[in-house]
Every structure is written in structure tokens, then in C-alpha cells.
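> one predicted model, sequence on top.
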Amino acid sequence: MRPDESEELAPVVEKKVKDKITVARTPLFTKKYATNVLVTHTDSDFRIELFNEKFRVEDKWVFHSDGLVILTFEAAKKLLVDLTECVQNYEEQNGEIAISSERKEAEFLI
């Protein structure tokens, strides 16, 4: 094999390079911890309501709603792509994340 021939057979490696973006957090920046979410959409955006601290009232569960994130369609799609990648990476390292049927089938009355 000629020396230049091995170079021709070498696999092409593509590097994933992301744009570097600086994020400046304002004094109003907050963090929210959520134990459940409700995702809905309107004709102009997607909405993700963040729930935490569930407690029992009579015969049903009640969640505290801690916030609402409103996303453009493009931002929602990017969130889906980024979350899919992050969850796949997490599950490769730690195993599949199970979602209880109670959580999957929850119907929130807002």
C-alpha cells in the first residue's frame, strides 16, 4: 500500500462545532425546579407550565404552579432537539429514565 493510499482510506471525521454565545444573566434571573410540567400551545407559541410540591386535597392531587415558560415555535423545536440529545446522553450513561403511568396520564385542571 502506498503511503498516500492509506490517507485516502482513512474515515472522514466531522467535528460538531457550536457557535460560542455569551449569556449575560440579569438581576431578574431565577431558577425553577419542577417535578412535573404541562405543555400546551396556542396559535402563536408553545407554553410549558412548571409544577412543584404536590399535595393531597380530598380525593385528588394538587400541584403548586411555579412558573410558565412561553416559547416561539422555533425555540420550542430547539428545546426538543437539545432535550432529546441530553436525555439520550444521560440514558446512555445511567440507564433508561422511567416515567410512571400516573405521571403520563395526569390531567391538569387549570
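The structure has been received and is ready for your questions.
> now for the protein, the helix or strand with the poorest mean pLDDT.
Least confident helix or strand, the chain: helix 3-9 with a mean of 54, by mean pLDDT, DSSP states H and E.
> which helix or which strand is home to the spatially most central residue of the chain?
In the chain, the centroid-proximal residue (Cα atoms, centre = their mean) is residue 83; its distance is 3.5 Å. With secondary structure defined by DSSP states H and E, residue 83 is part of helix 73-94.
> then the next helix or strand after that helix to CSV, C-alphas only?
Sequence-wise, the next helix or strand downstream of helix 73-94 (DSSP H and E) is helix 101-104. This file holds the C-alpha atoms of helix 101-104, laid out as CSV (Å, rounded to 0.1, in the frame of the first residue of the first chain):
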residue,chain,number,x,y,z
SER,A,101,-48.2,5.8,34.3
GLU,A,102,-49.6,8.2,36.9
ARG,A,103,-47.3,11.0,35.6
LYS,A,104,-48.0,10.1,31.9
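> now stretch 28-42: buried residues?
residue 38 (16 or more other Cβ atoms under 10 Å). The C-beta positions use only the backbone N, C-alpha and C, and glycine is treated the same way.
> distance from that stretch to the middle of the chain?
Stretch 28-42 has its C-alpha centroid displaced from the chain centroid by 11 Å (Cα atoms, centre = their mean, to the nearest Å).
> list the contacts of it.
By Cβ atoms under 8 Å, 6 or more residues apart in numbering, the list of residues contacting stretch 28-42 from outside reads 46-54, 63, 66-67, 76, 103, 106, 108, 110.
> just the ones in helices from these, please.
76, 103 (DSSP state H).
> and stretch 20-38, how far out from the chain's middle?
Counting by Cα atoms, centre = their mean, stretch 20-38 comes out at 13 Å from the chain centroid.
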